[in-house]
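Colleague: Have a look at this fold, sequence not included:
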């Protein structure tokens, strides 16, 4: 629990910096009460001249970096929750980058030895200086000796000293601020600030265990082992623990340096396609994707493959969500807006009380202008952004997994267009989307669904003898049960424990008899 005095100081400091950097004055005023409008105007007076000339995303970045790494992490977390802050602000927060100095190499060595329980010289042949630092961890270049005696470079990620304690203190301050907001500003309750802070605390605890990032990287490596154009580094599990993550060193060029990639002779147009198709394959084929694919986390290997690092943030899509997304994209391509609208209702994303025809009309307002544009100017991410804006009008609750996908798609498209300004998103996506649709909706999918249906019938058929025994026992004892009720003593409990399968069968039989009884009652009420 945060001290009220320190919590109040933290709140006042945050408000001052947000006002000074022009964040408050850049927020929309629609729907604000008179007191809120007055506070909004007052905040504008505090904004610096440079802030007033900056875009809102730049103001957000400057303010959160000035407040500290915990606030940067809060911003990055809110970027994954547009259902709370809105799609526009979420996309702007998604551009946040940590700007923190590294901590000493000697302290990193101490923490590695404490985590892995071995001396640094036993773990690494060489342990170099920092090559990158962020709010939670920093990365060093090191060299290990393999079992075959070869020397191999690795990247070693080390948790920042004291970061857990600092985040715990600052999260307590966040919790105080959130409670104060909910108490003093009733309109803020819609944004659930207390719940947001609690979720952030859980997310941060997970991110600070580097074993979980290693597991995500390992899972993606398994998923894409047959992909030639996209890779993730292999994890060195022997040198990985809660506070340390060691993985294959990536010899390549960062994709945020387009000039260097071009000077190395790589095909820029082909790289744009590889990034987009790789991301879509992971999302639609595997249902598991890298959700922080900014160009600083992407490398071009000497063989031209794209290598992604830093899987601290990942997204998952269920099979239903993937099918929903594929059918929506296909429906827009075919201009079948009625079908796209029906999909939203079938998936339960839009309340049943809304009108399908009106929703289809709103979708047409999105799709038709896009069809009038040259293909290379059409953005799939922009399409999804507009789609989510329209669905808000029909009270569709934001689906965090779909919006995280959309946010990542915005970043990926930006990377692709930085390599090919005339990048045709639809042409690049078509092979992946078509393959998925054919696999999920085509003849093979129908055969697979039929096979799964037969398997389910087979499982039911194998249990029919058990169900029959259960029904027989149940019907034989029904008169006594009706007359005397149910009495279970210790011996009965022991017998039930021994005869677990019979108990399960009786349970299923009871469900069947209950359903049949309801059917008889309904029939009598209707025709009796």
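Modeller: Cool, got the structure. In this text the structure is predicted, and so the values were computed from the model without any measurement. Numbering: from 1, shown residues only.

Colleague: So which residues of the stretch 151-300 of the chain form helices?
Modeller: Using DSSP state H, counting those that start in this stretch, the helices found in the stretch 151-300 of the chain span residues 163-184, 193-207, 210-223, 258-263, 268-280.

Colleague: list the helices and strands the last one packs on?
Modeller: So the one you mean is helix 268-280. If you count contacts as 3 or more C-beta pairs under 8 Å, 6 or more residues apart in numbering; DSSP states H and E, helix 268-280 packs onto helix 258-263, strand 306-308, helix 400-419, helix 425-441. For the C-beta atoms, the positions are set from N, CA and C on the backbone; glycine is no exception.

Colleague: What lies in contact with it?
Modeller: Under the criterion C-beta atoms under 8 Å, 6 or more residues apart in numbering, residues 224, 227, 229-230, 255, 258, 261-262, 289-290, 293, 298, 300, 304-306, 308, 408-409, 412-413, 415-417, 419-420, 423, 425, 428-429, 431-433 lie in contact with helix 268-280.

Colleague: Check the shortest one too.
Modeller: When contacts are defined by C-beta under 8 Å, 6+ apart, helix 258-263 is touched by residues 253, 254, 255, 268, 271, 300, 418, 419.

Colleague: Give the full set of residues in contact with residue 433.
Modeller: Under the contact definition (C-beta under 8 Å, 6+ apart), the residues listed for residue 433 are 280, 284, 326, 329, 330.

Colleague: can you count the residues close to the first one?
Modeller: Applying other C-beta atoms under 10 Å, we find 26 residues neighbouring residue 280.

Colleague: Residue 246: which of the helices of the stretch 151-300 of the chain is closest?
Modeller: Distances from residue 246 to each of the helices of the stretch 151-300 of the chain were compared using C-beta to C-beta; the shortest belongs to helix 210-223, at 8.7 Å.

Colleague: now what about the closest one, what contacts it?
Modeller: Applying C-beta under 8 Å, 6+ apart, the set of residues contacting helix 210-223 is 137, 157, 159, 206-207, 231-235, 237, 240-245, 247, 282, 286, 288, 290, 310-312, 314.

Colleague: one more time with 7 Å
Modeller: For helix 210-223, the external contacting residues (C-beta atoms under 7 Å, 6 or more residues apart in numbering) are 157, 159, 206, 232-235, 240-245, 247, 282, 286, 288, 290, 311-312, 314.

Colleague: Next: stretch 114-131.
Modeller: With C-beta under 7 Å, 6+ apart, stretch 114-131 has contacts from 102, 105, 109, 112-113, 138-145, 151, 239, 241-244.

Colleague: Please apply the same query to stretch 156-169.
Modeller: Contacts of stretch 156-169 from elsewhere in the structure, counted by C-beta under 7 Å, 6+ apart, are 70, 103, 107-108, 111-112, 136-140, 142, 204, 208, 210, 243-246.

Colleague: Quick one, which of these are buried?
Modeller: Applying 16 or more other C-beta atoms under 10 Å to the contacts of stretch 156-169, the neighbour count classes 70, 103, 108, 111-112, 136-140, 142, 204, 208, 210, 243-246 as buried.

Colleague: Doesn't residue 128 lie inside a strand?
Modeller: Yes. Read with DSSP: H, G, I helix; E, B strand; the rest coil, residue 128 is one of the residues of a strand.

Colleague: mind starting the numbering at 392 from now?
Modeller: In the new numbering, first residue 392, that becomes residue 519.

Colleague: From residue 722, how far off is it?
Modeller: Noted for residue 519: a distance of 52 Å to residue 722, by C-beta to C-beta, to the nearest Å.

Colleague: These two: which has the busier surroundings?
Modeller: For residue 519 versus residue 722, neighbours defined as other C-beta under 10 Å are more numerous around residue 722 (19 against 13).

Colleague: and the more buried one, helix, strand or coil?
Modeller: helix.
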